[in-house]
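In: just the structure for this:
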Amino acid sequence: MPVSYAQKPLLGKLTLTSHLSAETGLHIGGGGENLDIGGLDKPVIRDPLTKYPYLPGSSIKGKLRSTLERLLNKPLNRTGGSGTWRYESDDLVNGFTEVENGHFVAYEGARTCQVSRLFGSTGGSGFWMPIETATEEGLFSDKNRTRTIEGQNCVQVNRGRNAPARLIIRDSHLVTESAEKLKQVDTGLYMTEWKFENGIDRVTAAANPRQLERVPAGSKFKFELVYTVEDANQAIEDLQNIAIALAILEDDALGGHGSRGYGKVKFQHFNFSYRSLAQYRQITNTPGASGIQPFEPIANTQELLNNFTNLSDYINRLLPGNES
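Out: Predicted structure coming up:
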């Protein structure tokens with residue numbers, strides 16, 4: 001079967017849940033409905049049904065991805081617009097991104113790239129890969145340009161292949177206790193607080209006042225991520241990278257204005273569970289059977305890193321061929 005048509009395997013799903021606590025005021029913006037005189041310049045994003053503030057999974061996932069890219073020292077090979085650059089695997093296998101005429105950046109293919117296999121990647125256009133590799137992958141065309149890049153005979157490929165993400169991060173909604181407490185907050189805003197700031201012109205000393213909306217410190221959200229196990233040999237490395245990225249996020253900031261003290265967060269009360277493909281099938285044959293095998297709860301990210309060996313042993317025992 002040609003590589004490009006091969007189905008991605010599914011070995012199981014590992015779920016991690018936790019409480020995400022805001023240690024300082026947190027701002028993840030939503031579009032304002034009106035621009036009122038004296039009103040908010042930057043409102044937070046809210047659930048359209050309950051009007052509760054929440055944390056979009058896309059915001060958390062984007063922060064974890066950028067954190068992991070820096071941790072693994074990934075090169076910037078794809079323009080993001082407005083003069084910004086980011087990292088992406090142009091294809092499932094290794095190659096070169098042409099970032100400027102005559103200048104090439106090597107990327108790692110999404111099959112092995114620790115970032116792209118977790119967070120997914122969109123295939124590039126007009127990138128290059130070794131002719132031998134392109135031929136093996138069924139991507140070679142004698143109509144395309146060829147040249148030597150870093151001592152390798154390469155061919156330009158018109159369009160790369162996408163790689164779906166293994167990692168799902170849910171939107172994080174307030175825990176019931178926090179929601180009830182925030183309803184009692186008397187700030188003039190529903191469940192949030194004003195943050196008044198002044199931007200000072202360093203030449204004229206003129207003030208530019210603005211009002212930002214923040215989720216107050218102490219708010220707790222339900223955090224959940226799901227990792228799809230596709231490769232037993234890569235699962236432990238992927239999960240270790242997730243654990244490290246969560247720990248780094250605690251020492252960084254989530255949302256906007258982190259350099260001014262916003263967005264310090266903390267993860268607490270980790271719970272893991274794993275469900276194999278065989279267990280999913282068992283549910284249909286045994287009504288009421290969840291098939292979920294829990295792991296002992298972990299208090300915080302430091303304990304998560306300290307006990308990662310035990311967690312990896314737990315996962316290894318549950319992977320196909322190792323079930324006890």
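
In: when you work out contacts or count neighbours from here on, use the C-alpha atoms and nothing else.
Out: Will do.

In: if I look at F140, how far off is C154?
Out: Using CA to CA, to the nearest Å, one gets 10 Å for the distance from F140 to C154.

In: neighbours of S121, how many?
Out: S121 sits with 23 neighbouring residues when counted by other CA atoms under 10 Å.

In: which one's more surrounded, F140 and C154?
Out: Per other CA under 10 Å, whichever of F140 and C154 has more neighbours is C154, with 23 against 20.

In: so the more buried one sits in a strand?
Out: Yes. Using DSSP: H, G, I helix; E, B strand; the rest coil, the assignment for C154 is a strand.

In: most remote residue from this structure's center?
Out: The outermost residue of the chain relative to its centre, with distances by CA atoms, centre = their mean, is T204 at 41.7 Å.

In: wasn't it part of a helix?
Out: No. Using three-state DSSP, the assignment for T204 is coil, not a helix.

In: who touches both of F140 and C154?
Out: I131 (CA atoms under 8 Å, 6 or more residues apart in numbering).

In: against I45, how distant is L55?
Out: As for L55, its distance to I45 is 8 Å (criterion: CA to CA).

In: tell me, what's touching those two both at once?
Out: Overlap of the contact sets of L55 and I45 (by CA under 8 Å, 6+ apart) consists of I28.

In: looking at these two, which is more packed in?
Out: Between L55 and I45, L55 has the larger neighbour count (other CA under 10 Å), namely 27 against 21.

In: contacting residues around the more buried one?
Out: Going by CA under 8 Å, 6+ apart, the list of residues near L55 reads 28, 45, 171-173, 221.

In: now it: how far from Q184?
Out: 20 Å.

In: my read: T97 touches F104, true?
Out: Yes. With contacts counted by CA atoms under 8 Å, T97 reaches F104, the gap being 5.5 Å.

In: between these two, who's got more neighbours?
Out: Ranked by neighbour count (other CA under 10 Å), T97 and F104 place T97 first, with 24 against 17.

In: how much space separates the more buried one from A134?
Out: To A134, T97 is 14 Å away according to CA to CA.

In: go on, Y190?
Out: In terms of CA to CA, Y190 sits 57 Å off from A134.

In: neighbour count: those two, which is higher?
Out: The neighbour count for Y190 versus A134, taken as other CA under 10 Å, is higher for A134 (20 against 14).

In: part of a helix, is the more buried one?
Out: Yes. The assignment for A134 is a helix, going by three-state DSSP.

In: tell me the contacts of G57?
Out: G57 sits next to 169-172 when contact means CA under 8 Å, 6+ apart.

In: secondary structure and pLDDT added to these, as JSON lines?
Out: Below are those laid out as JSON lines (DSSP: H, G, I helix; E, B strand; the rest coil; pLDDT from 0 to 100):
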{"residue": "I169", "secondary structure": "strand", "pLDDT": "98"}
{"residue": "R170", "secondary structure": "coil", "pLDDT": "98"}
{"residue": "D171", "secondary structure": "coil", "pLDDT": "98"}
{"residue": "S172", "secondary structure": "strand", "pLDDT": "98"}
